[in-house]
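1. When you get a sec, could you give me coordinates for this:
(2 chains)
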Amino acid sequence: MPRAALREIPFDVPPFELSGIVYGTLLNHRTALEALGEQVRSPPYNAPPRAPVLYLKPRNTLALDGERVQVPAGVAELEVGAAVGMVIGRTACRVSETNALDHVAGFLIVNDVSIPHASYYRPAVRLKARDGFCPLGPRVTARAKISDPSALTLRTYVDGALALTARTSELLRPLARLLADVTEFMTLAPGDVLAAGAAAPAPRVRAGQTVAIETDELGTLTSLFVAEAT
Amino acid sequence: MMRARVAWSGAIHEATPVPDAGASAPDARLRLADGRVLSQGEVVWLPPFEVGTVLALGLNYADHAKELKFSAQEEPLVFLKGPGALLGHRGATRRPAGVKFMHYECELAVVIGRAAKRVARAEAMGHVAGYCIANDYAVRDYLENWYRPNLRAKNRDGATVLGPWLVDAEDVADPADLALRTFVNGQLRQSGNTRDLVFDIPYLIEYLSSFMTLSPGDVILTGTPEGVTNVMPGDEVVCEIDGLGRLSNTIVAAESTG
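-> Purely as a prediction, here's the structure:
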């Protein structure tokens, strides 16, 4: 997505505009790690994750509220990973957990779309970084307007039916701790987004279905899934 | 043409090597667009282009894969890097305290010049703007088997060096036959040739553009050959690729900038 399109996401506190850099966090929701069970101690993993497991959703993946997500030819279903995204307001480098959230300008909903994959051993760029695979929005809600970011509830609806409920209180690394652990080795800049991790089981959707991710505080992010134009 | 981006005297400038010195000479001088001539040490070198999405290849030389005890894979091992990792020529990269194995990786970087979506192999090279050298450090102590190589090992601040020059594609006769060399404190430690890439440049552009649109400024770091060794604070690491120049970097202790 051209960076100019990101300006269409309402964002009324500094820095007023997303940078286009979006990081996701794997297995940071209690249910996501639990879904792997004892596998985490077996090859090829051998141990549960220690540091945050991160990946990028590059600029070609970014999409606005209401945009269509294309289901690739030959792929029956896509996975919908509803996550809360922290939008960085002040450069965050080696922040402490105590004041981590002071570096956050606000929050938005991130729909981290993937082609389902069972192995997390190798980075899944072909499965997660396809054009349009990261709708986000519908707006950035200022941190000051969120009384308790650790008590947000994300509800994922597929064609109007509730498919999954996830809470930020269920994150293995809560938001502040995640920001502290990530910025220990990687500086985040104003406008960058760090998505905190999706719950399991991730709802699966086919072409023709509509996904709405809703929270009381952050609004509703809607995406229509369509068959890829070939 | 070879172009650098440098900060000097309060502004960012495009600079070109002074022809008589030879761009590969360690002390090559450079000329700003307005004609002023400067020595390398007078300026701050930035990555030589506005960098977009950074795509990096792992295990893309058969010998390096063997060195790390991996068998060749069916599909390229690709990972993505963020902008905070980037650093210019003659910069300093921090070695974290208490780690055992941090190593350089000399790589040919392929810079996209024209948007690429579902580009066939035969057309792929027409989307390349040019080339530069990359030195993509890894801290192996932090490797974990989750989306490996994980970002803590491979996406650290200032640990992906790009430069010194962006060299136009038309000036690189055969990017599939370029020798790469890494020197640590003047001693040759790593050498290879891009002819040994497991997945070559046209293949990588075809593969990547089959699922994602590549845009101008996106860059593909094509992987590193065998010969990676530990580096310590104070070490000067120079990566060299035929026709692209010499990319220098110094390792410093994390505390010294801490």
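2. Spell out which residues of the stretch 151-258 of chain B are next to chain A.
-> For the stretch 151-258 of chain B, the residues in contact with chain A (C-beta under 8 Å from any C-beta of the partner chain) are B:151-152, B:155-157, B:211-215. For glycine as for every other residue, the C-beta is placed from the backbone atoms N, C-alpha and C.
3. Name the nearest residue to B:Ser210, ignoring sequence neighbours.
-> In this structure, B:Ser210 finds its nearest non-sequential neighbour in B:Arg118, 6.0 Å apart by C-beta to C-beta, 6 or more residues apart in numbering or on different chains.
4. quick one: that neighbour from B:Ser209, how far?
-> Distance of B:Arg118 to B:Ser209, given as C-beta to C-beta, to the nearest Å: 6 Å.
5. Looking at the two, which is more packed in?
-> Under the neighbour definition other C-beta atoms under 10 Å in any protein chain shown, B:Arg118 and B:Ser209 were set side by side, and B:Ser209 has more, 21 against 11.
6. Next up, the contacts around the more buried one.
-> Taking C-beta atoms under 8 Å, 6 or more residues apart in numbering or on different chains, we find B:Ser209 in contact with B:116-119, B:124, B:127.
7. One more pass at 7 Å, please.
-> B:116-119 (C-beta atoms under 7 Å, 6 or more residues apart in numbering or on different chains).
8. now do A:Val84
-> Applying C-beta under 7 Å, 6+ apart, the residues near A:Val84 are A:107, A:109, A:152, A:154, A:168, A:196.
9. And for A:Pro116?
-> Taking C-beta under 7 Å, 6+ apart, one finds A:77, A:79, A:204 in contact with A:Pro116.
10. Touching the top helix by length along chain A from outside, list them.
-> As assigned by DSSP state H, the longest helix anywhere in chain A is helix A:175-183. Applying C-beta under 7 Å, 6+ apart, the external contacts of helix A:175-183 come out as A:25, A:28, A:51-52, A:54, A:86, A:92-97, A:100-101, A:103, A:149-150, A:168, A:173, A:194, A:196.
11. Show only the entries of the residues you listed found in strands.
-> Secondary structure from DSSP state E places A:25, A:54, A:86, A:194 of the contacts of helix A:175-183 in strands.
12. Touching, the last one and A:Ile21? I think so.
-> No. Under the criterion of C-beta atoms under 7 Å, A:Leu194 lies out of contact with A:Ile21, with a separation of 9.4 Å.
13. More neighbours: these two, which one.
-> Neighbours per residue, other C-beta under 10 Å: of A:Leu194 and A:Ile21, the larger number sits with A:Leu194, 28 against 21.
14. can you redo the contacts of A:Val84 as a markdown table with pLDDT, neighbour count and distance to A:Asp12?
-> Output for the contacts of A:Val84, formatted as a markdown table (pLDDT from 0 to 100; neighbours: other C-beta atoms under 10 Å in any protein chain shown; distance: C-beta to C-beta, whole Å):
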| residue | pLDDT | neighbour count | distance to A:Asp12 |
| --- | --- | --- | --- |
| A:Phe107 | 98 | 26 | 13 |
| A:Ile109 | 98 | 27 | 17 |
| A:Leu152 | 98 | 21 | 19 |
| A:Leu154 | 98 | 22 | 22 |
| A:Thr168 | 98 | 21 | 22 |
| A:Ala196 | 97 | 26 | 22 |
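15. what subset of those residues is also close to chain B?
-> Of the residues in the contacts of A:Val84, proximity to chain B by C-beta under 7 Å from any C-beta of the partner chain holds for none.
16. coming back round to it: buried ones only from the contacts of helix A:175-183, please, as a ChimeraX command.
-> Buried members of the contacts of helix A:175-183, defined by 16 or more other C-beta atoms under 10 Å in any protein chain shown, are picked up in ChimeraX with:
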select /A:25,28,51,52,54,86,92,95,100,101,103,149,168,173,194,196
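17. count of neighbours near residue 60?
-> As the question left the chain open, I've gone with chain A. Other residues lying near A:Asn60 total 23 when counted by other C-beta under 10 Å.
18. that's the wrong chain, I meant chain B
-> Neighbour count for B:Asn60, taken as other C-beta under 10 Å: 26.
19. OK, contacts around the residue nearest to it when sequence neighbours are not counted?
-> Of all residues beyond its chain neighbours, the one nearest B:Asn60 is B:Gly223 (2.8 Å), with distances taken as C-beta to C-beta, 6+ apart. Residues near B:Gly223 by C-beta under 7 Å, 6+ apart: B:57-61, B:107, B:197.
20. Including secondary structure, distance to B:Arg140 and pLDDT, could those go into TSV?
-> Formatted as TSV, the contacts of B:Gly223 follow (DSSP: H, G, I helix; E, B strand; the rest coil; distance: C-beta to C-beta, whole Å; pLDDT from 0 to 100):
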residue	secondary structure	distance to B:Arg140	pLDDT
B:Leu57	strand	17	97
B:Gly58	strand	13	95
B:Leu59	coil	14	91
B:Asn60	coil	18	95
B:Tyr61	strand	17	94
B:Glu107	strand	17	98
B:Leu197	strand	22	96
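21. in the sheet, who's paired with B:Ile251?
-> Beta-bridge pairing for B:Ile251 (DSSP bridges): B:Thr93.
22. Touching, it and B:Asn185? I think so.
-> No. Using C-beta under 7 Å, B:Ile251 is not in contact with B:Asn185; the gap is 10.3 Å.
23. Please say which of these two ends up with more neighbours.
-> Using other C-beta under 10 Å, the more surrounded residue of B:Ile251 and B:Asn185 is B:Ile251, with 20 against 12.
24. dump the residue contacts of residue 199.
-> Answering for chain A, as no chain was given. A:29, A:31-32, A:164, A:166.
25. wait, I meant chain B there
-> B:60, B:76.
26. that's a strand at it, yeah?
-> No. Checked against DSSP: H, G, I helix; E, B strand; the rest coil, B:Phe199 lies outside a strand; its state is coil.
27. Going C-terminal from the helix or strand harbouring B:Leu204, what's the next secondary structure element?
-> Using DSSP states H and E, B:Leu204 falls within helix B:201-209. Next along the chain after helix B:201-209, taking DSSP H and E as the criterion, comes strand B:219-221.
28. Tell me the first helix or strand C-terminal of that following strand.
-> Once the chain leaves strand B:219-221, the next helix or strand it forms, by DSSP H and E, is strand B:236-241.
29. which residues in the chain form helices?
-> I'll assume chain A. Along chain A, counting by DSSP H, helices occupy A:3-6, A:30-36, A:125-128, A:175-183.
30. if you could check chain B rather than the one you did, that'd help
-> For chain B, helices defined by DSSP H occupy the ranges B:62-67, B:121-124, B:151-154, B:201-209.
31. Show me which positions of the last one end up buried.
-> So that's helix B:201-209. Neighbour counts over helix B:201-209 (16+ other C-beta under 10 Å) mark B:201-202, B:204-209 as buried.
32. Now render those as a markdown table, adding pLDDT.
-> Formatted as a markdown table, the buried residues of helix B:201-209 follow (pLDDT from 0 to 100):
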| residue | pLDDT |
| --- | --- |
| B:Ile201 | 98 |
| B:Pro202 | 98 |
| B:Leu204 | 98 |
| B:Ile205 | 98 |
| B:Glu206 | 98 |
| B:Tyr207 | 98 |
| B:Leu208 | 98 |
| B:Ser209 | 98 |
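33. export the residues you listed to TSV and tack on distance to B:Gly35?
-> Converted to TSV, these look like this (distance: C-beta to C-beta, whole Å):
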residue	distance to B:Gly35
B:Ile201	35
B:Pro202	39
B:Leu204	39
B:Ile205	37
B:Glu206	42
B:Tyr207	43
B:Leu208	40
B:Ser209	40
